[in-house]
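Fold the following.
(one chain, ligands or ions: 2)
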Amino acid sequence: MASSLTTFTDEARIALDTLSGRAAGLFSPSLRLGVTGLSRAGKTVFISALVHNLIHGGRLPLFEAQKSGRIARAFLEEQPDDAVPRFQYEDHIAALVDDRAWPDSTRAISELRLTIEYESASGWNRLFSAGKLSVDIVDYPGEWLLDLPLLGKSFADFSREAVELAALSVRSDLSQGWLALAAKIDPDADADEMTARRLAESFAAYLKACKLDERALSTLPPGRFLMPGDLEGSPALTFAPLMRLPERRPRSGSLHAMMERRYEAYKTHVVKPFFREHITRLDRQIVLIDAMQALNAGPAAMADLERAVTEILSCFRPGRGNFVTDLFSRRIDRILVAATKADQLHHESHDRLQAIVRRLADRAVARANFSGAYVDVLAMAAVRSTREGTVKQGREALPVIIGTPLNGEKINGEAFDGKAETAIFPGDLPEKVDAVFDVSGPQAENNEPAIRFVRFRPPKLERTAEGATLSLPHIRLDRALQFLIGDHLA
Ligand SMILES: Nc1nc2c(ncn2[C@@H]2O[C@H](COP(=O)(O)OP(=O)(O)OP(=O)(O)O)[C@@H](O)[C@H]2O)c(=O)[nH]1
Ligand SMILES: [Mg+2]
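Numbers count the residues shown, from 1 in each chain. Ligands and ions are numbered 1, 2, ... in the order given. This is a model prediction of the structure:
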């Protein structure tokens, strides 16, 4: 399997890339930081907040270089890859800070280079190093990540899994239309463009419904069916899984042969270049997980999230024998799995959120047979949109979070207007981690969520006496930074 996927040209190209990367690294050390996460996990917000806090000297007490005053300055520089658009940092910050609005879903790839000038903590290093580190970060639509596991799957695997997942009870009502259509189609019939199109459209409509639906499913590949980027309307997207595929090779001229060819073309011309150019060159990686969304939707969504995370982590498994990492030029030595949006909970629940994500990551790491990289887990919020307080209820003091719910958010039938500040009791996460994963437990009976939360607008920033806005507040962004780049600034 590996040799058919990993062509010689791929390996040669990556080796070259690495050589030139290393040579350039001699003059100005650079680190490629992968910000990985499914759609809406919080990648764009994380990147914006990270840059903003470093450039504006934000409060980062757990980020050692900053705390000890060794960072002289941090600034955006011209990025290394001319063919990739620049990350629209200023626009995202303007939206967050001035309009108090979250950025839109990312529709295409972009990149930025953040350069940090620092003073080394050791006298020895100070003598030899320029004290300059460039961090390269790529932002992309989360849906595209779903395609990575496809690289290791044949058309038959892809079809079988798609049909199996569509039949699960969390999806069956959304997949009905496509399944009914696919069941009527004979894969051995003559190839026909109209049939291919009808199948592809129906399959894409089902995937889109999974994403829109409030069940918070982690969606399914192919990612470009959901976020086509520059492939909108392209024939490269006119394929779909087929049912009842025979074991033998498809008859030439059949629908089966046509779909298989297009599936392979999608992998070769769409998935692989993206992966080769952007993912195989990573040094460090943070995997953002929106566990809140899934917790809110119940155990079936948690199981679905776990499946998606396992599939993705197995793509990053280091070492030979892994079809994907055979392509890796560098070795990712640290991975941080971060539960995002912890600001939607009271801090008393942060440890529980972290425990839930640790459990999810541990199982994914074990199942993906993953070893060789140091994996840590964290509950964080790149942008903290709430503050904490207590509300008296009778004799009890209830811990609440206070913020401005987004326009249209609802709790117990009350709808918010996006203007008024409100105190909310989001509930506690269960003490027993198992409960939130247990698809056959009492909670799962009616797919009952562990918590109820609302989404808040970004915070109103304080201003200094001179009128300058302070940096964006966060929860444990500094710990994430320390883990991801701290040792490079030692
Ligand atoms: N409260 C809170 N909400 C957040 C935070 N980060 C992201 N969000 C919410 O999550 C949504 C998605 O965040 P993005 O950063 O756009 O997510 P993404 O991973 O870039 O998503 P795609 O571009 O679709 O792949 C935002 O619109 C916010 O509503 C955070 O730190 N705190
Ligand atoms: Mg984004």
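
Tell me the confidence at Ile47?
What the model reports for Ile47 is a pLDDT of 97.

scratch that, Asn407
Looking at Asn407, the pLDDT reads 92.

residues in contact with stretch 170-185?
163, 165-167, 195, 198-199, 202-203, 205-206, 209-210, 213, 215, 217, 240-243, 255, 300-301, 304 (CB atoms under 8 Å, 6 or more residues apart in numbering). C-betas here are computed from N, CA, C, even on glycine.

I'd like the list of those residues that fall within helices, please.
163, 165-167, 195, 198-199, 202-203, 205-206, 209-210, 255, 300-301, 304 (DSSP state H).

worst-scoring helix or strand of the protein, pLDDT-wise?
helix 2-5 (a mean of 41; mean pLDDT, DSSP states H and E).

which residues in the chain form strands?
Remark: strands assigned in the chain by DSSP state E are 30-37, 71-77, 110-118, 132-139, 284-289, 334-339, 374-379, 387-393, 396-403, 410-411, 414-415, 422-424.

which one of those strands has the lowest average pLDDT?
Among the strands of the chain, strand 410-411 carries the lowest mean pLDDT (a mean of 83).

next one: it to chain centre, how far?
27 Å (CA atoms, centre = their mean, to the nearest Å).

partners of that strand in the sheet?
strand 414-415 (antiparallel) (DSSP bridges).

So which residues make contact with the partner strand?
408-409.

What residues does the stretch 301-450 of the chain have near ligand 1?
Neighbours of ligand 1 within the stretch 301-450 of the chain, by CB under 6 Å from any ligand atom: 340-341, 343-344, 381-383, 385.

of those residues, buried ones?
Buried by 16 or more other CB atoms under 10 Å: 340-341, 343-344, 381-383, 385, out of those.

From these, which land in helices?
Among these, none falls in helices (DSSP H).

Can you redo those as CSV, where the extra columns are pLDDT?
As requested, those are exported to CSV (pLDDT from 0 to 100):
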residue, pLDDT
Thr340, 94
Lys341, 94
Asp343, 94
Gln344, 92
Ala381, 97
Ala382, 97
Val383, 97
Ser385, 96
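
Using TSV, lay out those together with distance to Asp283.
As requested, those are exported to TSV (distance: CB to CB, whole Å):
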residue	distance to Asp283
Thr340	21
Lys341	26
Asp343	28
Gln344	31
Ala381	25
Ala382	20
Val383	25
Ser385	31
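
Contacts only, for Arg86.
79, 110-112.

re the thing from before, just put the strands of the chain in a markdown table and tack on mean neighbour count and distance to ligand 2.
Shown next, in a markdown table, are the strands of the chain (neighbours: other CB atoms under 10 Å; distance: least, CB to the ion, whole Å):
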| stretch | mean neighbour count | distance to ligand 2 |
| --- | --- | --- |
| strand 30-37 | 21 | 9 |
| strand 71-77 | 14 | 18 |
| strand 110-118 | 20 | 9 |
| strand 132-139 | 21 | 6 |
| strand 284-289 | 25 | 10 |
| strand 334-339 | 24 | 15 |
| strand 374-379 | 19 | 20 |
| strand 387-393 | 12 | 26 |
| strand 396-403 | 16 | 22 |
| strand 410-411 | 12 | 25 |
| strand 414-415 | 10 | 27 |
| strand 422-424 | 17 | 26 |
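
so which of those strands comes closest to Ser471?
The minimum distance between Ser471 and the strands of the chain falls on strand 71-77, with 11.5 Å, by CB to CB.

Pull the residues that contact the closest one.
Under CB under 8 Å, 6+ apart, the answer for strand 71-77 is 51, 54-55, 57, 65, 89, 112-119, 131, 134, 489.

likewise stretch 237-248?
The contact list for stretch 237-248 (CB under 8 Å, 6+ apart) reads 155-156, 158-160, 162-163, 178-179, 182-183, 185, 187-188, 193, 196-197, 199-200, 202-204, 222, 224-225, 228, 231, 255-256, 258-259, 262-263, 266.

what separates that stretch from the chain centre, distance-wise?
For stretch 237-248, the distance to the chain centre is 29 Å (CA atoms, centre = their mean).

For it, buried residues please.
237-243, 245.

Can you tell me which residues in the stretch 51-200 of the chain are near ligand 1?
So the stretch 51-200 of the chain meets ligand 1 at 102-103, 105-106, 141-142 (CB under 6 Å from any ligand atom).

neighbour-wise, which of the residues you listed leads?
Gly142 (25 neighbours; other CB atoms under 10 Å).

What is the burial count for the nearest residue to it once chain neighbours are set aside?
Excluding the flanking residues, the one nearest Gly142 by CB to CB, 6 or more residues apart in numbering is Ser39, at 3.4 Å. Per other CB under 10 Å, the neighbour tally for Ser39 reads 20.

From here on, call the first residue 578.
Fine by me, first position is 578 from now on; the one you just mentioned is Ser616.

My understanding was that Ser616 contacts Glu720; is that so?
Yes. Ser616 lies in contact with Glu720 (CB atoms under 8 Å); the separation is 5.1 Å.

For ligand 2, what's its nearest residue on the stretch 628-777 of the chain.
Thr683 (3.1 Å; CB to the ion).

isn't that residue right next to Gly619, touching?
No. The criterion here is CB under 8 Å, and Thr683 misses it with Gly619 at 11.2 Å.

anything in contact with each of these two?
If you check Thr683 and Gly619 against CB under 8 Å, 6+ apart, no residue is contacted by both.

Only C-alpha atoms, please: export stretch 813-825 in PDB.
Taking Å, rounded to 0.1, in the frame of the first residue of the first chain, the C-alpha atoms of stretch 813-825 are listed here in PDB:
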ATOM      1  CA  ALA A 813     -12.900  16.600  -9.700                       C
ATOM      2  CA  LEU A 814     -15.800  16.700  -7.200                       C
ATOM      3  CA  THR A 815     -18.200  14.600  -9.300                       C
ATOM      4  CA  PHE A 816     -18.000  11.300  -7.500                       C
ATOM      5  CA  ALA A 817     -19.600   9.600  -4.600                       C
ATOM      6  CA  PRO A 818     -19.400   6.300  -2.700                       C
ATOM      7  CA  LEU A 819     -21.200   3.300  -4.300                       C
ATOM      8  CA  MET A 820     -23.000   0.500  -2.600                       C
ATOM      9  CA  ARG A 821     -22.700  -3.300  -3.200                       C
ATOM     10  CA  LEU A 822     -19.200  -3.100  -4.700                       C
ATOM     11  CA  PRO A 823     -17.900  -6.500  -6.000                       C
ATOM     12  CA  GLU A 824     -14.500  -7.800  -4.800                       C
ATOM     13  CA  ARG A 825     -13.100  -8.000  -8.300                       C
END
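
Report the mean per-residue pLDDT for that stretch.
92.

Stretch 757-770 now?
The predicted model gives stretch 757-770 an average pLDDT of 96.

Spell out which parts of this protein neighbour ligand 2.
The chain has residues 620-621, 683 near ligand 2, with proximity defined as CB under 5 Å from the ion.

cutoff 6 Å now
620-621, 683, 716 (CB under 6 Å from the ion).

from these, which ones fall inside helices?
Per DSSP H, those map to helices at 620-621.

got a markdown table for the residues of the chain next to ligand 2, with distance to Arg861 too?
Compiled in a markdown table, the residues of the chain next to ligand 2 are given as follows (distance: CB to CB, whole Å):
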| residue | distance to Arg861 |
| --- | --- |
| Lys620 | 15 |
| Thr621 | 18 |
| Thr683 | 20 |
| Asp716 | 16 |
